[in-house]
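Colleague: Compute the structure for the input listed below.
(one chain, ligands or ions: 1)
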Amino acid sequence: MKKIGVRLGRNSYEIYVGSGLLSQLGRRLKESGFSDKLVIITDPTVKSLYGEALKESLISEGFEAVILEVPEGEEQKSLETAGRLYSGLSDFHVERTTPILALGGGVIGDLTGFVAATYMRGVPLVQVPTTLLAQVDSSIGGKVAVNHGQLKNKIGAFYQPRLVISDIATLKSLPATEISDGLAEIIKYAVIRDKELFTYLERNIDQIKSLDERLLEEIVFRSARIKAAVVEKDERDFGLRNILNYGHTVGHAIESASDFRIEHGGAVAIGMLAAGKISNKLEIFDKGELIRLEDVILRASLPVKIPSLDMERIIQAIKHDKKILRGKIRFVLPKSIGNVFVTDEVSTSLVEQVLVDFNEET
Ligand SMILES: NC(=O)c1ccc[n+]([C@@H]2O[C@H](COP(=O)([O-])OP(=O)(O)OC[C@H]3O[C@@H](n4cnc5c(N)ncnc54)[C@H](O)[C@@H]3O)[C@@H](O)[C@H]2O)c1
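Modeller: All right, here's what the predicted structure looks like:
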């Protein structure tokens, strides 16, 4: 088991990463000063895989525990679902000291976090992420949100959890696409901050994909440590946290221009490569490193080409999503593996020129 401290003054907390941690959750909660009732929010898949067993083990340790179930899917990140959860919390007589556990992927984490931040002006939140993406990204840093119409993640708060428990053993039941989504974020961390992590991925990617627990623990730990360090320096996303958007400028645009037919991880992978190619064309990022990046993305079962890219829609989506300064788009670009910079000096024509390379028809 590994432990990371996130130092944010009064909002500080610990992240635990290891295999079999769900069985120790009761003890950890008691160490954090919780001993009475608690609520687990989860979805049907995670409830049957881990939720029921977790609830029983917590009850056997003296907690009064209930599960509130939310259907699966991004559309559940809504004010309507939050409203139903508020009623559930009220029925269970939740008090301001009652912890709410988010057991699941990023959807459950973001939604539960939003509910915890707003119910009675804030009740303690415990993140128990069960997807690779949630363990390395969404459970850390306190961004909690729901969607509203076309506004994705725009109704939310910065609300740090009191504890994060990442049980690596839960990753064994994940579908392959979920593993790839998480790997895309892990490659992102390596490129922005940790060239040793990149080399580690190059060396071990095949065993990682076959879900070797020791290797998974190592890459989740290293990634979570990077996210924690960035959040510590810029909790409210006014500066450094920007670098976490590496690959996401183009990635988000590809997702929305494909009406979300292209998976998040695949879109981010193309986005990271696109940023690499832009940087290479600007004569900053070395060709050899670009080839290594493409190779690791391919070996992680992520795409390096996509069918029928609608260039016009992608460019429109980028313009809609991001701040444009005199026709230039803000980008996070690699200088070298392990080191990125933020620039407002990328022209839309350069982005178009680079994106053409990713079209499967070319
Ligand atoms: N708050 C943040 O900083 C942040 C960062 C990145 C992403 N996000 C958000 O995260 C969400 C995506 O999260 P996600 O990729 O985890 O997807 P998800 O939460 O939709 O989970 C994907 C699927 O995996 C299933 N699942 C979860 N754990 C499982 C397990 N151990 N075994 C088998 N199945 C399991 C779930 O039931 C679900 O059907 C998006 O809403 C995104 O906006 C938030």
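
Colleague: how many neighbours does the closest residue to the ligand within the stretch 151-300 of the chain have?
Modeller: Nearest residue of the stretch 151-300 of the chain to the ligand: Ser173, at 3.5 Å (CB to the nearest ligand atom). C-beta coordinates here come from the backbone N, C-alpha and C atoms, glycine included. Summarising burial for Ser173: neighbours were counted as other CB atoms under 10 Å, giving 13.

Colleague: so what's it up against?
Modeller: Leu49 (CB atoms under 8 Å, 6 or more residues apart in numbering).

Colleague: next one: Ala274
Modeller: Ala274 neighbours (CB under 8 Å, 6+ apart): 247, 250, 351, 354-355, 358.

Colleague: neighbour-wise, which of those residues leads?
Modeller: Val250 (29 neighbours).

Colleague: Let me see the backbone angles for that residue.
Modeller: phi -70, psi -40 (degrees, to the nearest 10).

Colleague: ok, it touching Ala275?
Modeller: Yes. Assessed by CB atoms under 8 Å, Val250 is found in contact with Ala275 at 7.0 Å.

Colleague: and the next element down the chain from the helix or strand of the chain with the lowest mean pLDDT?
Modeller: For the chain, scoring each helix and strand by mean pLDDT, DSSP states H and E identifies strand 324-325 as the least confident one, at a mean of 60. Counting by DSSP states H and E, the element after strand 324-325 in chain order, helix or strand, is strand 328-336.

Colleague: So for the next helix or strand after that following strand, what gets flagged as buried?
Modeller: Following strand 328-336 in sequence order, the next helix or strand is strand 339-347 (DSSP H and E). For strand 339-347, the neighbour count (16 or more other CB atoms under 10 Å) marks 340, 343, 346 as buried.

Colleague: Can you name the residues in contact with strand 339-347?
Modeller: With CB under 8 Å, 6+ apart as the criterion, strand 339-347 contacts 191-193, 195, 242-243, 246, 278, 323, 325, 327-335.

Colleague: which residues sit in contact with Ile314?
Modeller: Applying CB under 8 Å, 6+ apart, the residues near Ile314 are 250, 253-254, 257, 355.

Colleague: mind listing what Leu211 touches?
Modeller: 171-172, 179.

Colleague: Mind checking which of those are buried?
Modeller: Judged by 16+ other CB under 10 Å, buried ones among the contacts of Leu211: 171, 179.
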